Structures are given as C-alpha cells and as structure tokens.
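[1] Need a 3D model of the sequence below.
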Amino acid sequence: MFTLKTDAPNLYAELCDVIRLFSDEYDPAHIEVEFWQDCSGNGGIGGAGHTLAQPKRPLSARKIYARAAKNALYQALKSYFHRDMPWGSLTGIRPSKLVYDYLAEGFLAADIPGELRRDFFVSSPKAALITEIVQNQRGHFSRDPNDVNLYIHIPFCPSRCNYCSFVSVPIEKQRRLVAPYVEKLCAEITAAKELIRKTGRKIYSAYIGGGTPTVLCDEHFSRILETIEIESLASFHKPLSALEFTCEAGRPETFTPEKLAIMKRCGVTRVSVNPQSLNGKTLLAVGRNHMERDFFEAYERTAAAGFKINVDIIAGLACETPADFSRTLEKVAALRPHNVTVHTLSRKRGSALKEQSVKEFAGGAAQMTDFARERLTAQGYLPYYLYRQKQMLENLENVGYCLPGCQCANNITVMEEMLSVLACGAGAISKLVLPAENRIERLANIKDVKLYLERFNGQLSKKEDFFNRSHANSIDY
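    A predicted model of the protein is given here:
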C-alpha cells in the first residue's frame, strides 16, 4: 500500500497522481512520504530525502510549492523504484501548454527541451517531441475568441470495444431510441447554430463523432448532416472553402457508397477511417466486427471520393507484439493517409480493460511508439498534436502525424483547448474558453440517451445560459 502524509491537503490529489505514475507497474510496496509546507517540498522514502530548489521562472507561491512537492516526490519514487518516467513528473494531459508558456515568456524554441528536463525531468526524446509539435502547429489554428468549434455526438456503435470509455452503446441494444435521438439531436444542432449567430461567434470547424456516426441508417445519417448544413455555415465563417468538416467513420464495416455520397453532398472534408489494428486476432479480441479487408475497401472508397483521410491505430492492444504493431503501421503508412494518429492503449475508467492489471499486457508499447515516430517521420510525416491520458501503458502519449500542410485544425484547437466548443448530443461536453481570465468552463450534456431525451428542453436552456454569460463557476450537469 501507499501512505501519503502531507500538511498541504490541497495538494493531496496531485501528489497521488505522481504516485500512480509508478504504482501500477510494481508489486505493492509501503511508501511513506512527508511534505512540510516550507516551499521546498522535502520528500523521503526510508530516510532518503530529496529537495528541489525553487524554479527560475516567475510563478505564484502556490505553483512553486506544488511543483516542488511533486518533483520531490517524483525524485523519491524514482530512487525507490530505480526507474525514470518518459514524461518525468508531469501528470497533466497537455504538456504542450507548458511549451506555449515558455514561448510566451520569451524562451527560444531551441532552449525549451532543456527547460522541460530541468523543471520536470522530462526525457530528452519527449522534450524534443513536444517542442517540435508546437512548432508544427504554427499557422494551422485560430485563437480568435469569437471562433467556436461545433461538435456533434452519436452515442451508438456496432459493438463496444473493450478499451472504449466514450459515451457509446451497441446500437442493437437501443434501437428503439435511435429515431427519437436523431429528432432531438437535430433540434439541438439547430438551436446551437442560432446561439452561435445570436452571440456573434463564427464556426471554425465542425466535427461529427461518437460512437460511430456511420452506424446510423442512411436516412438518419443524412438528416443529421443536412441539419448541420455546411453551406449555411458560410455566414459564420470566412471563407467557406477554409471550413474543416470532419466525420468519424471509425468502423470500416459501416462504410457504404451511400454514406460517402451523403458526406460528399453535405460538405464533409475529412473522414476518419480507423482500423486500430490490421491483425485479425487482435480485432476479434478487442470486440471489433471488421477485418483487414474491410479497412482497405473503406479506405479506397474514401480516397476515390476525394476526402482528406485520418487513420487511427493503437499501440499495446490485446498483448500485441512490436512486430504485430509494426505490420499494421507499415500497411497504413504505405497508403499515405493525410493524418495518422498513434494512440497508446489506456485502461480508462468505464472501459472493460479498467480492472485488468498492467502486468496482463505483453509490454513493448514504448518500442511501438518509437518505431511509429521513426517510420512516419522518415516518410515525411510531421508530429503536430499530442495529448496524454491517465492509465496509459508505460506512461506514454497519443501523437498525431500529418503530411506537410495537412494539419487538422480541429485536432489542434480542441486538444490544446484554444477555442470554445459548442457540443450537441448525449454526453457531449461544451467548453467556454476565457483567455482573458485564464480559465475554461465546461458544460456536459446528460450521458444516458433515455435521460437526454427526457430532459432535453432543460439542457437547451442551460446551454444558452452557459454561452451567454462571461463570469461563472465551472458546472457539470
């Protein structure tokens, strides 16, 4: 067991996050760490103490102490377990925000990797990677406070993957709710567009995700995309040709020529075709209903229709070996999609994998992600966005790669939380980004589809109030 003693209870959760960097990968051990509020953060295991000097950068007293305490604890655990973590003491989702902070304070890009190593013990490869990513984002995003991303959520899938934690259920289990859900969702989209118009905002990008949007029948799928009505968004955005509209079609078995025709007619510009793996045994093990040939057929149809294509794969699935992963990556890279996102498996809360110990996985995730970086950059791909999640194998990350000039603006602005998001559908989370106040507020729709339908009118009122106010506490209904 782990025992944490501190006289700063407001830091308890942050310190526990540091412990979790190490705890899942080793047999239970008794660790006792004490922190005294002296702005230096002294931590010890078995009498071995670690102290971190105050950072050079100007920070609030609270940040100085929090960083010192977390770094001291990290150093103590590193000594105890005899192991470094690739991202050092960082436990946050978006390490890129630190790079933007350094740049804003006048640091040169070439100096930032060294600062990350000094301030947070980030490994040299990861420090270089995140700095490069921020450089590759330049010129491909907006920070205009009047710009907003529109997100539409479809909470249905053909089946549920064992690693999935998204708001989604197998469509056959809630077939009777699909038609009323589409009805209410279209009403919410219409209200969202009116709210954007009334508040003087502009649509920056549109994204329909899930779940699997293409699991819907043609009639329902067409109605939702027609309600988004990309042509009408021209009044919100300049020029229309620059508006990025992405549709997830993550399950290749749901692709049909009719679905692609609907997307083309309704102005979709990017399509995500996500196999996750091209190994048949892996696909069956994780609960997906398609095979390798389904992916290639879907990809060829999408490419022939002229869409930009995103492809997602996962490192660490179902005890795959590095050789298994490399075969998938090689086949995907040979197609030259505009974007390839390499996810590291995360045992997320709400997924079937959550209760499995990390020891049940074969390992090699770091080798897989290193191979992906080497192989994709050799083919001319640029890493351009990155985010992390808790419970990721080997404390790694998810990285998006693109061909030069093919950066997905939605991926950048959403992952970096640069723009507000107006989100529609069960479980969809709207965000209000308030840069002047250096904070972000969130409003989550009800997750359960049945309750979403029953409480629909109340949710619309709350969303309108949420986007019309500029000063309030974060809320989550």
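[2] Can you measure across stretch 118-127, start residue to end residue?
    Using Cα to Cα, to the nearest Å, the end-to-end distance of stretch 118-127 comes to 11 Å.
[3] Sort out which residues of that stretch are buried, please.
    Asp119, Phe120, Phe121, Val122, Ser123, Lys126, Ala127 (16 or more other Cβ atoms under 10 Å). For glycine as for every other residue, the C-beta is placed from the backbone atoms N, C-alpha and C.
[4] contacting residues for the third one?
    By that I understand Phe121. Applying Cβ atoms under 8 Å, 6 or more residues apart in numbering, we find Phe121 in contact with Asn71, Tyr74, Gln75, Lys78, Asp84, Met85, Gly88, Ser89.
[5] Ok, the fourth one next?
    Listed by Cβ under 8 Å, 6+ apart, the contact partners of Val122 are Pro86, Trp87, Gly88, Leu90, Pro95, Pro113, Leu116, Ile130.
[6] among those residues, which are in helices?
    Pro113, Leu116, Ile130 (DSSP state H).
[7] gap between the two ends of stretch 391-411?
    One end of stretch 391-411 sits 22 Å from the other (Cα to Cα).
[8] How far does it sit from its chain's centre?
    Stretch 391-411 sits 9 Å away from the centroid of its parent chain (Cα atoms, centre = their mean, to the nearest Å).
[9] got the buried residues for that stretch?
    Using 16+ other Cβ under 10 Å as the test for burial, stretch 391-411 gives 391-403, 406-411.
[10] Now do stretch 211-220: everything it contacts.
    Contacts of stretch 211-220 (Cβ under 8 Å, 6+ apart): 152-158, 166-168, 171, 178-179, 182, 221, 224, 247-251, 254-256, 258-259, 262.
[11] Hmm, I typed the wrong one, I wanted stretch 322-339.
    270, 273, 275, 277-279, 282, 292, 299, 303, 308-311, 313, 315, 317, 340, 342, 364, 367-368, 371-372, 375-376, 379, 400-403, 406, 408, 411.
[12] Which strand or helix spans Pro180?
    Counting by DSSP states H and E, the element that carries Pro180 is helix 175-198.
[13] Tyr207 contacts Val148, doesn't it?
    No. Taking contacts as Cβ atoms under 8 Å, Tyr207 lies outside contact range of Val148: 11.8 Å.
[14] pLDDT of the helix holding Pro180, averaged?
    The average of the pLDDT scores along helix 175-198 is 94.
[15] Run the chain-centre distance for it.
    24 Å.
[16] Pull the contacting residues for the nearest residue to Asn146 once chain neighbours are set aside.
    Counting by Cβ to Cβ, 6 or more residues apart in numbering, Asn146 lies nearest to Arg201, which is 5.2 Å off, once chain neighbours are set aside. Arg201 sits next to Asn146, Asp147, Val148, Phe236, Ser420 when contact means Cβ under 8 Å, 6+ apart.
[17] what about Arg201, distance to Met291?
    Separation of Arg201 from Met291 (Cβ to Cβ, to the nearest Å): 43 Å.
[18] Of the buried residues of stretch 118-127, which is the nearest to Glu229?
    The shortest approach to Glu229 among the buried residues of stretch 118-127 belongs to Lys126, at 42.4 Å (Cβ to Cβ).
[19] got the contact list for the closest one?
    Applying Cβ under 8 Å, 6+ apart, we find Lys126 in contact with Pro86, Trp87, Pro95, Leu116, Glu397.
[20] right, and the first one touches Met392 too?
    What it means is Pro86. No. Taking contacts as Cβ under 8 Å, Pro86 lies outside contact range of Met392: 10.2 Å.
[21] still on that earlier bit, keep only those of the contacts of stretch 322-339 that are in helices.
    Among the contacts of stretch 322-339, the ones falling in helices (DSSP H) are Thr282, Glu292, Tyr299, Ala303, Gln367, Met368, Phe371, Ala372, Arg375, Leu376, Asn411.
[22] Using the record's domain definitions, break the chain down for me.
    According to automatic domain parsing, the chain comprises the domains 1-83, 87-133, 147-421.
[23] Pipe these into CSV and attach distance to Asn468 per row.
    Formatted as CSV, those follow (distance: least, Cβ to Cβ, whole Å):
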stretch, distance to Asn468
domain 1-83, 31
domain 87-133, 27
domain 147-421, 7
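[24] what about the ones you listed, which gets the closest to Lys431?
    Going by Cβ to Cβ, the one of the domains of the chain nearest Lys431 is domain 147-421, 4.4 Å.
[25] ok, Leu185 - how many residues close by?
    As a burial measure, Leu185 scores 25 neighbours (other Cβ atoms under 10 Å).
[26] With Pro322 instead?
    Pro322 is flanked by 17 other residues according to other Cβ under 10 Å.
[27] With the one 10 residues further on instead?
    Summarising burial for Val332: neighbours were counted as other Cβ under 10 Å, giving 23.
[28] So it belongs to a strand, correct?
    No. Assessed with DSSP: H, G, I helix; E, B strand; the rest coil, Val332 is helix; it does not lie in a strand.
[29] where in the stretch 101-250 of the chain is pLDDT low?
    Residue ranges of the stretch 101-250 of the chain with pLDDT under 70: 162-163, 230-242.
[30] change it to 80
    Scanning the stretch 101-250 of the chain for pLDDT under 80 picks out the ranges 160-167, 230-242, 250.
[31] ok, which stretches of the stretch 201-350 of the chain are strands?
    202-210, 244-248, 270-272, 308-315, 339-344 (DSSP state E, counting those that start in this stretch).
[32] and Leu103, which of these is closest to it?
    Closest among the strands of the stretch 201-350 of the chain, using Cβ to Cβ: strand 202-210, at 22.0 Å.
[33] quick one, that closest one and helix 175-198 angle?
    Interaxial angle, strand 202-210 versus helix 175-198 (axes from the mean of the first three to the mean of the last three Cα atoms, to 10 degrees): 170 degrees.
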